[in-house]
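>>> pasted the sequence and its predicted model underneath.
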There are 2 protein chains.
Amino acid sequence: MRAKLDNLRVVLVSVRNPLNIGAAARAMGNFGVTRLCIVNSYEVPFREAKSAVGASPILKQAEEFKSLAEAVADCTLVIGTTAGQNRELQHPLRVLAEAAPTIHRQLSFGPVALLFGSEKRGLSNEDFSYCNWLMHIPTREEHLSMNLGQAVAVCLYELARDAEAAAASVEELRAKAADVDRITTELLESLKISGYLKPRAGASTNEKIRRLVRRLNLSENDAETLLGMLRKVTWKLKQPGNDSNR
Amino acid sequence: MRAKLDNLRVVLVSVRNPLNIGAAARAMGNFGVTRLCIVNSYEVPFREAKSAVGASPILKQAEEFKSLAEAVADCTLVIGTTAGQNRELQHPLRVLAEAAPTIHRQLSFGPVALLFGSEKRGLSNEDFSYCNWLMHIPTREEHLSMNLGQAVAVCLYELARDAEAAAASVEELRAKAADVDRITTELLESLKISGYLKPRAGASTNEKIRRLVRRLNLSENDAETLLGMLRKVTWKLKQPGNDSNR
């Protein structure tokens, strides 16, 4: 996680359910966004939300505002999120994945606010009037509206998602060609003893088996294990009383 | 929304809270994934989950299974999700964004299962042993673990994100889980007869072997070939005169 989201602020406007506020805080914790602003005309007891596993510091530091204008006063970019249905949007509407690079650039200059509206109605037209532009997560037309906590998680995931994350992927060491060859040899041996292959199977059969073993794309550890298995099986196949087919 | 996620199956393993099942279903509805499988040893009253705005058709059609093996039997790719902490993962671990193109390619050939574990513990090592590989959402080290519904939403968002980029790259058909199971059974049998495994090897040994076979990520053709080889070897090992070590 190398994305710098210090300047990002999540602003929840008229959200009623403390569990949803907790869920938003939890997603913020997951993706490294610490500043949560709650805009509400009345108090919501969100600071102890049970849904916020690991996010209590964020909830404790959350700031409360009576008006959206106050919450975003120092921001250089204010973005409203919307499912985008049934409204005459008077703002440019951007898709999350396309908007992310613009948001990143802006984050290096100053605070950026990402607004989420109430569970039932989303952001109002008045809320939108404080936004520079609107953003939406592409969902199916038949089922546009996302759960608030899930929408926050998806937006922050996209903003935290960056090329470097790819480097964090853990892949095991692949087996060396010589070890793969040993496996092939041992496998051919056991296939011959068992009668699966004819004693003098031709070069093309050997090639087929060799290709198959390569396709397994074995890790170093798995190759060692498999070789051990095959050696034991071949050894057993060679025991007296079991050599009639050789 | 252009992603073709018809072949994607969300499998919830040992999830206890109906609200979380509902939240997963809601995210599925948002991103156009319809097939939900619930694996549980006891019944969870999830079909009326209140959190599932707009997702009741998905919950109504959800299938229940007693075992994970049954739930994924016809899948050609089985992926476990994990926060990836405190475990010695014995599987390749991929980052969501990187894994998405591979998943897309596989979806054009057959059913792919995406597994999510219980709220408290995630997927167990036994669950992992049914997976081809594991996947995680990059989160902060200080706060790795995501809420279940949010994790489902983020994964499906990423998979729906740009399905078109998943061009017509050609990959071979992967083996069905049931065939991979047959290979595992046959391999265990031959390892026991050969003396590589003790006659009454424990569950953890079986899991180790099951994981190893999954990691091979066999194509349909290679699986058939390997099964034929193993059957012949096992048959030969069982021939009279070669049962001294059983």
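Received it, and whenever you're ready, just let me know what you need.
>>> okay, now the unreliable bits of chain A?
A:1-3, A:50-51, A:85-90, A:162-173, A:241-246 (pLDDT under 70).
>>> so how far is chain B from A:F116?
Look at A:F116 and chain B: by Cβ to the nearest Cβ, to the nearest Å, they are 14 Å apart. Bear in mind the C-beta positions are built from the backbone N, C-alpha and C, glycine included.
>>> quick one, what contacts that residue?
Taking Cβ atoms under 8 Å, 6 or more residues apart in numbering or on different chains, we find A:F116 in contact with A:V10, A:V11, A:L12, A:V13, A:V15, A:A24, A:T81, A:L123, A:L148, A:A151, A:V152.
>>> and those residues, which two are furthest apart?
Farthest apart among those by Cβ to Cβ are A:A24 and A:L123. That separation is 14.5 Å.
>>> ok, for the most centrally placed residue in chain A, nearest residue in space, not its chain neighbours?
The C-alpha lying nearest the average C-alpha coordinate of chain A belongs to A:Y157 (Cα atoms, centre = their mean; 6.7 Å). Excluding the flanking residues, the one nearest A:Y157 by Cβ to Cβ, 6 or more residues apart in numbering or on different chains is B:V154, at 4.6 Å.
>>> did I read that right, the one you found in a helix?
Yes: secondary structure of B:V154, determined by DSSP: H, G, I helix; E, B strand; the rest coil: located in a helix.
>>> quick one: the nearest residue to A:A49 once chain neighbours are set aside and B:G122, what's the gap?
The spatially closest residue to A:A49, leaving aside those adjacent along the chain, is A:G22, at 2.7 Å (Cβ to Cβ, 6+ apart). Look at A:G22 and B:G122: by Cβ to Cβ, to the nearest Å, they are 20 Å apart.
>>> how about A:S145?
Between A:S145 and B:G122 the distance, using Cβ to Cβ, works out to 28 Å.
>>> these two: which has the busier surroundings?
Remark: of A:S145 and B:G122, B:G122 carries more neighbours, 23 against 19, as counted by other Cβ atoms under 10 Å in any protein chain shown.
>>> thought the more buried one was touching B:L115?
No: taking Cβ atoms under 8 Å as the contact criterion, B:G122 and B:L115 are not neighbours in contact, 9.7 Å apart.
>>> tell me the residues that contact both of the two, please.
Each of B:T81 lies in contact with both B:G122 and B:L115 under the rule Cβ under 8 Å, 6+ apart.
>>> quick one: which helix or strand includes the residue nearest to the centre of chain A?
Using DSSP states H and E, A:Y157 falls within helix A:148-160.
>>> mind listing the helices for chain A?
In chain A, the helices defined using DSSP state H lie at A:18-31, A:56-61, A:68-71, A:96-107, A:125-128, A:148-160, A:177-194, A:203-215, A:220-237.
>>> neighbour-wise, which of the contacts of A:F116 leads?
The most neighbours, when these are compared by other Cβ under 10 Å, belong to A:A24, which has 33 neighbours.
>>> how many residues are close by A:A71?
Applying other Cβ under 10 Å, I find that A:A71 has 23 neighbouring residues.
>>> actually A:P45, not the one I typed
For A:P45, the count of nearby residues is 8 (other Cβ under 10 Å).
>>> any idea how far it lies from chain B?
Here the criterion is Cβ to the nearest Cβ. By it, A:P45 lies 19 Å from chain B.
>>> that residue is in contact with A:N17, isn't it?
No: counting by Cβ under 8 Å, A:P45 does not reach A:N17; the two are 10.7 Å apart.
>>> how near is A:V11 to chain B?
Taking Cβ to the nearest Cβ as the measure, A:V11 and chain B are separated by 19 Å.
>>> so how far is A:T184 from that residue?
For A:V11, the distance to A:T184 under the criterion Cβ to Cβ works out to 61 Å.
>>> how far away is A:L227 from B:L237?
A:L227 sits at a distance of 18 Å from B:L237 (criterion: Cβ to Cβ).
>>> more neighbours: these two, which one.
Regarding A:L227 and B:L237, a neighbour count based on other Cβ under 10 Å identifies B:L237 as having more, with 25 against 19.
>>> can you name the residues that contact that one?
With contacts defined as Cβ under 8 Å, 6+ apart, B:L237 is in contact with A:S194, A:V233, A:K236, A:L237, A:N242, B:S190, B:I193, B:S194.
>>> before we move on, what about A:L188?
The neighbourhood of A:L188, defined by Cβ under 8 Å, 6+ apart, consists of A:L197, A:A201, A:N206, A:I209.
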